[in-house]
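1. how would this look folded up:
(one chain, ligands or ions: 4)
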Amino acid sequence: GEAAAQNSRLGFKQVAANTLDDITLPDGYSSHVVIRWGDPMFSGVAEFDHATRGNGESQAGAYGDNIDGMALFELGDASVLVNNNEYTNRKIIWGNRPEGKSETDDDVLKGMMAHGVSVIEIAKGDNGWALVKDSKYNRRITPQTEMEITGPAAGHALMQTEADPAGKLTKGTWNNCGNGRTPWGTYLACEENFNGYFSSSNPDIERTDAQKRYGVNVEDWGYGWAQIDDRFDIAKHPNESNRAGWVVEIDPSDPTSTPKKRTALGRFKHENAEVVVNGDGRIVVYMGDDERGEFLYRFISDGVYAEGADNSDLLAEGTLYAAKFHPDGTGQWLALTPETTGMASAAEVVINARTAGSKVGATTMDRPEWVAANPKKAEIYCALTNNKNRAIKPNAGGDPTPAMGPNPRAENHYGQIVRWWPSGGNHTSDSFTWDLFALAGNPTVHQDAYGGSVNINEGNMFNSPDGLFFDTKGLLWIQTDGNYSNEEDFAGHGNNQMLVGDPATGEIKRFLVGPKECEVTGAAMSSDGKTLFVGIQHPGERGDSHWPEGGDSVPRSAVIAVTRDDGGQLG
Ligand code: FEO
Ligand code: CA
Ligand code: CA
Ligand code: CA
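-> Numbers count the residues shown, from 1 in each chain. Ligands and ions are numbered 1, 2, ... in the order given. All right, here's what the predicted structure looks like:
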């Protein structure tokens, strides 16, 4: 009612759900495109060609595809935006081929070069924010960029390959989903579905239990990388897949720096990495493993952060934990060590972190996506995106996945957001209490508890929360990656969207609706609070979008900048 509206901290008029092929924002807000998949970052690189969608060479010098996690670094006068380019949709990037499949080695290379991380300088001009072409900061990090392996797994026999017998130097990063940023100015790119790029030239190969647990298989997901680089052939290079599934630390201020794989943070299908400085200076990183029935993790550094000191290796050494939630609203962090798991070494614990989590009895979750920490208090949120087939088949680990605690619904098309409070406000405490901030749903279709929690209503309903981040005011921004059919269980949800929640009251309002068949993922706010950068991933993934250019153009993932028409702060 009116009283509630007057007390609301969400100072905008909610937008209606819709299925438009456009960005929808509240009255008084506007957006423009900052950069799109295929835009050249350097002089001499060809402009994006809608007929061919580029080639291997042009893509290597152009902005990558399917934007996900992002962070803005304000380095003196320069604004440097770092973006994950998670993956490519084959029917879009190879839409110039009749079958939407690669035909040549260069097609495969184009797809490969569209993956990784793009570092770009952007500047605000008369037409808003735009790329600074040829900036000294501009850099493409790809699946072929050299990277250092650090932490407990570095040098272990499971990390050694023919090309790298020492097990300390690897190539590239791919399927980078969410991200993190550190207080010392680095970017964390999180490797998620790394498995889908490996295949076997011998279809009869016997896979190890670890390969099965991580989904490394004899067939890839259609990317074809082994065709041009045999390190993706598990019959020839069985350890190569152990060198992926990590968090990668990147220094955006130095384009010549070597990215570092931080094995102390564990190997799994990383969503993001939310970094908190604990009261005693230790670094705490919260991380989800986005797979049905997998776990939520915490890392605590051995060393302490101090402003002005050399903090550059704080993520190299520390302890990894997995979460156990009890139905009574309490929970514990369980340390993953050789002692607690019976595993042979600290290296094996982090390389097979999922197995370690199973050994200590961590709680199987409904697909943990982004984690976000409230800057105003010791309170952490995680989006549990959905669990469409809990009862139909076991999860990859074979652990039971009962409907209980923070995963209360047996059938769960909608997802939920869990939050927890570390005991004593101490992020290194091994105990916490928890509740559910929201159970997403559809109260117009389901009048019972399946329709959602009390803060979900006909006006703000959504499904499959995924991206989460806090602004400096302590408001929780929620992005969705869900079912956009707008039918049956999802009637009235419209396209994927972005909402804002107030942690104190539970109020949630819809702020943005994305174009057709997109996911809204990744966000960064300028330090003055006046520009919000948002990632639009895979518009038209099923063939029904021409965003952002319209007409009969190829749909292109892009970063947009959202501003208020009166120049004020957002939210
Ligand atoms: Fe890449 Fe879990 O989303
Ligand atoms: Ca995600
Ligand atoms: Ca998702
Ligand atoms: Ca996605």
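2. so where's the stretch 1-150 of the chain uncertain?
-> 1-6 (pLDDT under 70).
3. whoops, the chain was the one
-> The model of the chain has pLDDT under 70 over residues 1-6, 391-393.
4. By proximity to ligand 3, which residue of it wins?
-> D481 (3.6 Å; Cβ to the ion). From N, CA and C alone the C-beta is placed, and that goes for glycine too.
5. What is the burial count for that residue?
-> 23 (other Cβ atoms under 10 Å).
6. try T472
-> 12.
7. With P165 instead?
-> P165 - counted by other Cβ under 10 Å - has 8 other residues nearby.
8. Please apply the same query to the one 10 residues further on.
-> The local packing of N175 (other Cβ under 10 Å) involves 28 other residues.
9. what does P238 give?
-> Number of residues near P238 (other Cβ under 10 Å) recorded here: 18.
10. how about it, secondary structure?
-> Using DSSP: H, G, I helix; E, B strand; the rest coil, the three-state assignment for P238 comes out as coil.
11. what sits against the closest residue to ligand 2 within the stretch 451-571 of the chain?
-> Using Cβ to the ion, the single residue of the stretch 451-571 of the chain nearest to ligand 2 is D466, 4.2 Å away. Counting by Cβ atoms under 8 Å, 6 or more residues apart in numbering, D466 touches 369-370, 383, 385, 479-482, 519, 521.
12. quick one: which of the residues you listed is nearest A62?
-> Using Cβ to Cβ, T521 comes nearest to A62 of these, at 20.4 Å.
13. Identify the residues contacting the closest one.
-> 67-69, 178, 466-467, 479, 481, 535, 537.
14. what does V132 give?
-> 78, 120-123, 138.
15. For A558, see how far away it is.
-> 17 Å (Cβ to Cβ, to the nearest Å).
16. same thing with G185?
-> Distance of G185 to A558, given as Cβ to Cβ: 26 Å.
17. got the buried residues for stretch 450-463?
-> Under the neighbour-count criterion of 16 or more other Cβ atoms under 10 Å, stretch 450-463 has 450-453, 456, 460-463 buried.
18. now stretch 154-171
-> In stretch 154-171, counting by 16+ other Cβ under 10 Å, buried: 154, 156, 158-161, 164, 167-171.
19. One more: stretch 478-490?
-> In stretch 478-490, counting by 16+ other Cβ under 10 Å, buried: 478-484, 489-490.
20. Identify the farthest-apart pair in these.
-> Maximum distance among those (Cβ to Cβ): 19.9 Å, for Q479 and D489.
21. what about the strands in the stretch 251-400 of the chain?
-> 260-262, 270-277, 282-289, 296-304, 318-325, 330-336, 368-373, 380-384 (DSSP state E, counting those that start in this stretch).
22. a markdown table for the ones you listed, including mean neighbour count and distance to E57?
-> A markdown table is the format used below for the strands of the stretch 251-400 of the chain (neighbours: other Cβ atoms under 10 Å; distance: least, Cβ to Cβ, whole Å):
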| stretch | mean neighbour count | distance to E57 |
| --- | --- | --- |
| strand 260-262 | 26 | 27 |
| strand 270-277 | 26 | 30 |
| strand 282-289 | 26 | 36 |
| strand 296-304 | 22 | 39 |
| strand 318-325 | 23 | 40 |
| strand 330-336 | 22 | 43 |
| strand 368-373 | 26 | 34 |
| strand 380-384 | 27 | 38 |
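23. Let me know the secondary structure of N84.
-> strand.
24. Ligand 1 versus that one, what's the distance?
-> Using Cβ to the nearest ligand atom, to the nearest Å, we find N84 at a distance of 9 Å from ligand 1.
25. again with I205
-> 27 Å.
26. C190 too?
-> 9 Å.
27. again with Q14
-> Taken as Cβ to the nearest ligand atom, the span from Q14 to ligand 1 is 26 Å.
28. Could you report the neighbour count for D204?
-> 7.
29. what do you get for R9?
-> 14.
30. let's have the chain start at 215 instead
-> Right, with 215 as the first residue, what we last looked at is R223.
31. Hmm, D282 is touching N389, no?
-> No. At 9.3 Å, D282 does not count as touching N389 under the criterion of Cβ atoms under 8 Å.
32. ok, back up a step: out of the buried residues of stretch 664-677, flag the one nearest to S413.
-> N677 (32.8 Å).
33. which residues are there in the stretch 215-364 of the chain that come within reach of ligand 1?
-> Contact residues, the stretch 215-364 of the chain versus ligand 1 (Cβ under 6 Å from any ligand atom): E300.
34. Which stretches in the stretch 215-364 of the chain count as helices?
-> 216-221, 270-274, 304-307, 319-327 (DSSP state H, counting those that start in this stretch).
35. Then the stretch 565-714 of the chain?
-> Per DSSP H, counting those that start in this stretch, the stretch 565-714 of the chain carries helices over the ranges 567-574.
36. Not counting residues beside it along the chain, what's closest to the residue in the stretch 415-564 of the chain that ligand 1 sits nearest to?
-> Among all residues of the stretch 415-564 of the chain, D504 sits closest to ligand 1, at 3.5 Å; criterion: Cβ to the nearest ligand atom. Among residues not flanking D504 along the chain, E485 sits closest, at 4.6 Å (Cβ to Cβ, 6 or more residues apart in numbering).
37. check contacts around the one you found.
-> 391-392, 404, 406, 501-504, 582-585.
38. And T647, by the same measure?
-> T647 touches 543-545, 634-635, 637, counting by Cβ under 8 Å, 6+ apart.
39. Now flag whichever of those residues is closest to A274.
-> Using Cβ to Cβ, these come closest to A274 at W634, 42.6 Å.
40. now the closest one: how far from ligand 2?
-> With distances taken as Cβ to the ion, to the nearest Å, W634 is found 20 Å from ligand 2.
41. got it, and Q374?
-> Counting by Cβ to the ion, the gap from Q374 to ligand 2 is 32 Å.
42. what's the distance between N525 and H707?
-> 43 Å.
43. which one of the two has more residues nearby?
-> H707 (27 against 21).
44. Spatially nearest residue to the spatially most central residue of the chain, not counting backbone neighbours?
-> Using Cα atoms, centre = their mean, the residue of the chain that lies closest to the mean C-alpha position is G392, 2.0 Å off. Once flanking residues are discounted, G392 sits nearest to N486: 2.7 Å by Cβ to Cβ, 6+ apart.
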